[in-house]
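K.L.:
Structure for this input, please:
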Amino acid sequence: MTTLKILKYVLYDVLRSKMIIIYTLLLFAISFGIIYTGKDVSKAVISLLNIVLLVVPLVSIIFGTIHFYNSKEFMEMLLAMPVKRKNIFWAEYAGLSAALAAGFVLGTGLPLLLYGGAKGSFYLLLSGVFLTFIFTALAFLASVINKDKAKGIGISLVVWFYMSVIFDALVLVLYFVFSSYPLEKATIIVSALNPVDLARILILLKLDVSALMGYTGATLQQFFGSAFGILFSMGFLFLWVLMPTLLALSVFNRKNF
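P.N.:
Sure, this is the predicted structure:
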């Protein structure tokens, strides 16, 4: 059984899930409501930014963790056949990530498209897709490390809370303590350590609201607004997809079910 055959089955199974349908419809209702009530697509993108940075990672990491544990019997059945472990892993990961990403793009992108789109819409959707793949990979990593479902979900929640909430608080403390030092280069380096922060900066700068971020914002605008800055951002987001996925695959290949 090839990876493609398993992928088709996983994708079909996930797309039929009520969770994916509810996720897509909820995103559509929220996006449409924000755009319709605000009457300004550009301002709506800023409001939708909070959804992309909080809801998308949370749904991806929790649903990814639950899906992995619920698919254990299916994976055990495949392992009893002459199927390579890496084929099973890649099919499960790609199928789930693609389904979640499709739900996000449809739910968030369709209202934006209906209202003509806005500056920053492309980067909003692209960042959401990246965060979906990243946090699904982190979900799989947390799941393969822990046999216990409760512990796996707990670790996933801690990872999400750290990257979405605690990291920003730590950065603010860091900036306050070293406020007398030039932090322009340090800001760029620190932003690359968190995919949520990297996505936030990328979207905000494309919306030309970096002036609200003061001198640091001007520095970030100069860097991330350039072609090299965009490549830098995309490169690190891709690394955030690749590293936890390969690490999870490595553990999965040695794991005894």
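K.L.:
Report the helix or strand with the lowest average pLDDT across this protein.
P.N.:
In the chain, no helix or strand scores lower on mean pLDDT, DSSP states H and E than helix 214-224, which sits at a mean of 55.
K.L.:
what comes up buried for whichever helix or strand comes after that helix?
P.N.:
Heading C-terminal from helix 214-224, the first helix or strand you meet, by DSSP states H and E, is helix 227-254. Counting neighbours by 16 or more other CB atoms under 10 Å, one finds that the buried residues in helix 227-254 are 229-230, 232-233, 236-237, 240-241, 244-245, 247-249, 252. Where you see a C-beta, it was placed from the backbone N, CA and C, and this is true even at glycine.
K.L.:
What helices and strands are in contact with helix 227-254?
P.N.:
Applying 3 or more CB pairs under 8 Å, 6 or more residues apart in numbering; DSSP states H and E, one finds that helix 227-254 contacts helix 85-104, helix 121-145, helix 195-206, helix 214-224.
K.L.:
Kindly reformat these as CSV containing mean neighbour count and distance to residue 23.
P.N.:
Below are the helices and strands packed on helix 227-254 laid out as CSV (neighbours: other CB atoms under 10 Å; distance: least, CB to CB, whole Å):
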stretch, mean neighbour count, distance to residue 23
helix 85-104, 22, 5
helix 121-145, 25, 11
helix 195-206, 23, 19
helix 214-224, 16, 29
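K.L.:
Just tell me which of these ends up closest to residue 163.
P.N.:
Minimum separation from residue 163 across those (CB to CB) falls at helix 195-206, 5.0 Å.
K.L.:
the inter-axis angle of the closest one versus helix 227-254?
P.N.:
160 degrees (axes from the mean of the first three to the mean of the last three CA atoms, to 10 degrees).
K.L.:
Tell me what angle helix 195-206 forms with helix 121-145.
P.N.:
180 degrees.
K.L.:
ok, residue 73 - how many residues close by?
P.N.:
Neighbours of residue 73 under the rule other CB atoms under 10 Å: 10.
K.L.:
Isn't residue 160 up against residue 58?
P.N.:
Yes: with contact defined as CB atoms under 8 Å, residue 160 reaches residue 58; the gap is 5.5 Å.
K.L.:
So for the two, which sits in the more crowded spot?
P.N.:
Between residue 160 and residue 58, residue 160 has the larger neighbour count (other CB under 10 Å), namely 21 against 16.
K.L.:
List the contacts of that one.
P.N.:
Counting by CB atoms under 8 Å, 6 or more residues apart in numbering, residue 160 touches 57, 58, 61, 62, 135.
K.L.:
Could you measure from the nearest residue to the first one once chain neighbours are set aside over to residue 77?
P.N.:
Read that as residue 57. Excluding its sequence neighbours, the residue lying closest to residue 57 (CB to CB, 6 or more residues apart in numbering) is residue 135, at 4.4 Å. Noted for residue 135: a distance of 27 Å to residue 77, by CB to CB, to the nearest Å.
K.L.:
And residue 244, by the same measure?
P.N.:
Using CB to CB, residue 244 is found at 26 Å from residue 77.
K.L.:
For the residue nearest to residue 57, give its distance to residue 160.
P.N.:
To residue 160, residue 135 is 7 Å away according to CB to CB.
K.L.:
quick one: common contacting residues for these two?
P.N.:
Common contacts of residue 135 and residue 160, defined by CB under 8 Å, 6+ apart, comprise 57, 58, 61.
K.L.:
packing partners for whichever strand or helix holds the second one?
P.N.:
Taking DSSP H and E as the definition, one finds residue 58 inside helix 41-70. Applying 3+ CB pairs under 8 Å, 6+ apart, we find helix 41-70 packed against helix 18-38, helix 85-104, helix 110-114, helix 121-145, helix 149-161, helix 195-206.
K.L.:
Which strands or helices does the fourth one pack on?
P.N.:
What it means is helix 121-145. For helix 121-145, the elements it packs on are helix 41-70, helix 85-104, helix 110-114, helix 149-161, helix 195-206, helix 227-254, judged by 3+ CB pairs under 8 Å, 6+ apart.
K.L.:
May I see the ones you listed organised as JSON lines, with mean pLDDT and distance to residue 178 added?
P.N.:
As requested, the helices and strands packed on helix 121-145 are exported to JSON lines (pLDDT from 0 to 100; distance: least, CB to CB, whole Å):
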{"stretch": "helix 41-70", "mean pLDDT": "88", "distance to residue 178": "25"}
{"stretch": "helix 85-104", "mean pLDDT": "93", "distance to residue 178": "36"}
{"stretch": "helix 110-114", "mean pLDDT": "84", "distance to residue 178": "39"}
{"stretch": "helix 149-161", "mean pLDDT": "93", "distance to residue 178": "25"}
{"stretch": "helix 195-206", "mean pLDDT": "81", "distance to residue 178": "17"}
{"stretch": "helix 227-254", "mean pLDDT": "88", "distance to residue 178": "23"}
